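Peer 1: got a sequence here, can you build the structure:
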Amino acid sequence: APGRVEEAVRAGGGDPADVGIVPVSASPVRYGGPCWVAERVSPSDLTGISIQFSRGERYLREGAGWVVVDGLGTLLMYNEEGKLYRLFSHLVGRARERQFRHVTGVDPGVLTSETLARFQGLHDRSIELD
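Peer 2: The predicted model follows:
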């Protein structure tokens, strides 16, 4: 949820105004805080996720922005792992090019250890949120 992301960013010393969130959900997302939140994207719409990512990165300052994609487990229920991995590889690579922080939200309890390790390998570090 965007509110939880905002709290985590503040706890880490970041500015939520530099955060872009692409919610992947079947339900509407309501949020009135400082983070930029894309339109909700259906979990089966990998093209829509890519479009919202591109749209959102225009609003972020290079070297200071955050891009958060939530719902990896949900995405894996609707998409082939290989296709999703290629999308995430592209998104993470693009974030690195612009010196953004890219955050992927995942519930590790819904993934196999191999899948979790594969996607964690795209990222520089992994942290747990309560």
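Peer 1: could you use CA atoms for every contact and neighbour count after this?
Peer 2: OK.
Peer 1: now the helices for the chain?
Peer 2: 2-11, 46-57, 72-78, 81-97, 113-120 (DSSP state H).
Peer 1: minimum distance to Asp107: which of those helices has it?
Peer 2: Between Asp107 and these, the tightest spacing by Cα to Cα is seen for helix 72-78, at 6.6 Å.
Peer 1: what's in contact with the closest one?
Peer 2: The contact list for helix 72-78 (Cα atoms under 8 Å, 6 or more residues apart in numbering) reads Val24, Ser25, Pro43, Ser44, Leu84, Thr104, Gly105, Val106, Asp107, Val110, Leu111.
Peer 1: swap in stretch 23-32?
Peer 2: 1-3, 37-43, 49, 69-71, 74-75.
Peer 1: ok so, going back, dump the helices of the chain to a markdown table, plus mean neighbour count.
Peer 2: Converted to a markdown table, the helices of the chain look like this (neighbours: other Cα atoms under 10 Å):
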| stretch | mean neighbour count |
| --- | --- |
| helix 2-11 | 16 |
| helix 46-57 | 17 |
| helix 72-78 | 18 |
| helix 81-97 | 16 |
| helix 113-120 | 13 |
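Peer 1: mean pLDDT and distance to Tyr31 for these - can I get that in CSV?
Peer 2: Listed next are the helices of the chain as CSV, based on pLDDT from 0 to 100; distance: least, Cα to Cα, whole Å:
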stretch, mean pLDDT, distance to Tyr31
helix 2-11, 90, 7
helix 46-57, 89, 16
helix 72-78, 88, 20
helix 81-97, 94, 24
helix 113-120, 92, 27
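Peer 1: figure out which of the ones you listed is closest to Gly33.
Peer 2: Going by Cα to Cα, the one of these nearest Gly33 is helix 2-11, 7.5 Å.
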